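Student: what shape does this take:
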Amino acid sequence: IPQDGDRDHLELGSGPWDAQGRPSWVDLDQVYLVHRLGMRREGAVLDVDRFTRVSAVLSRRYGWQMAIEVPGGDQA
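Tutor: Got it, this is the predicted structure:
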């Protein structure tokens, strides 16, 4: 089980994806390249706040820029 401060994992907490309410972690080394038009946001399990936290950590770690969603579904 990952621990707080573990560089390779980020705590997500518990969520509706686990009926037992156990805390969950994201493995930051398990990154997949997905074209932005190939991902459906409504299919995601993470709420926007958790998704943004994971995105921010990955952006800092790998120097990636976060896409900014603008009204109308386009990205800047």
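Student: what is the burial count for the nearest residue to residue 28 once chain neighbours are set aside?
Tutor: In this structure, residue 28 finds its nearest non-sequential neighbour in residue 8, 5.4 Å apart by C-beta to C-beta, 6 or more residues apart in numbering. All C-beta spots, glycine's among them, are computed from the backbone N, C-alpha and C. Other residues near residue 8 number 12, with proximity taken as other C-beta atoms under 10 Å.
Student: on the pLDDT front, check residue 66 for me.
Tutor: As summarised for this prediction, residue 66 has a pLDDT of 72.
Student: who's in contact with it?
Tutor: 55-56, 59 (C-beta atoms under 8 Å, 6 or more residues apart in numbering).
Student: got it, and residue 27?
Tutor: Taking C-beta under 8 Å, 6+ apart as the contact definition, residue 27 lies against 8-9.
Student: let's see 6 Å
Tutor: For residue 27, the residues meeting the contact criterion (C-beta atoms under 6 Å, 6 or more residues apart in numbering) are residue 9.
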